[in-house]
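1. Let's see this in three dimensions:
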Amino acid sequence: MEDAQIVALYQARDEQALKETDAKYGSYCFAIAFRILQSEEDARECVNDAYLHAWQAIPPHEPTVLSTFLGKLTRYASLHKWRDARRLKRGGGEVTLVLDELTECVPSAQSVEDEIDGRALTALLNRFLAQLDGTERRVFLCRYWYMKPVKEIASQQGFSESKVKSMLLRTRKKLRKALEKEGVV
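-> Below you'll find the predicted structure:
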């Protein structure tokens, strides 16, 4: 089913929208949640939370790219659950490592997660990403949006792990310079 048809089902408050959403985007959302949480049960819960948020947001919001909208909702729910678990000393893993890497170029009194949620910073990050070449942008997003391990990114891109690490380091340095230029850092 096309995204516009699924959104129309949400607009009509037809519960079939949830079934169609799960059929088309369930594995995509689960992959995002699982990469952050490393738990099937928690990932499924976050995907369901994302569907609930989509149900509550449509209408009045009408997403133009449903996959991005659902991915963002899933990521938000997953990071929220991860933060809760971390507070209880049960977190860690790849998410901690990824966020620590970003802390180098986005220092703040707030946590990196809270800082990234800021609208101004989001716009700045979008401009920064638009300036990167395709490969550099894909590697950066794989690491810092999808939170993939360096080894997996290297395998997918056909690079060595050291090349991916170097590319990420250079890109973080570019990001830091861009943020300093804008007065964020």
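
2. pretty sure Ile153 contacts Arg143?
-> Yes. Using Cβ atoms under 8 Å, Ile153 is in contact with Arg143, at 6.2 Å. For glycine as for every other residue, the C-beta is placed from the backbone atoms N, C-alpha and C.

3. in which helix or strand would I find Phe69?
-> Using DSSP states H and E, the element containing Phe69 is helix 66-87.

4. repeat for Ser166
-> Assigned by DSSP H and E, Ser166 falls in helix 161-181.

5. shared neighbours, Ile153 and Arg143?
-> Common neighbours of Ile153 and Arg143, using Cβ atoms under 8 Å, 6 or more residues apart in numbering, are Val164.

6. Give me the neighbour count for His80.
-> The local packing of His80 (other Cβ atoms under 10 Å) involves 14 other residues.

7. for Lys177, same thing?
-> 13.

8. Distance check, it against Tyr144.
-> According to Cβ to Cβ, to the nearest Å, Lys177 stands 17 Å off from Tyr144.

9. Torsion angles phi and psi at the most centrally placed residue in the chain?
-> The centroid of the chain falls nearest to Trp145 when counting by Cα atoms, centre = their mean (3.9 Å). Here is the backbone geometry of Trp145 (degrees, to the nearest 10): phi -100, psi -50.

10. What distance do you get for it to Lys19?
-> Distance, Trp145 to Lys19, using Cβ to Cβ: 27 Å.

11. likewise Ile32?
-> For Ile32 relative to Lys19 (Cβ to Cβ), the value is 20 Å.
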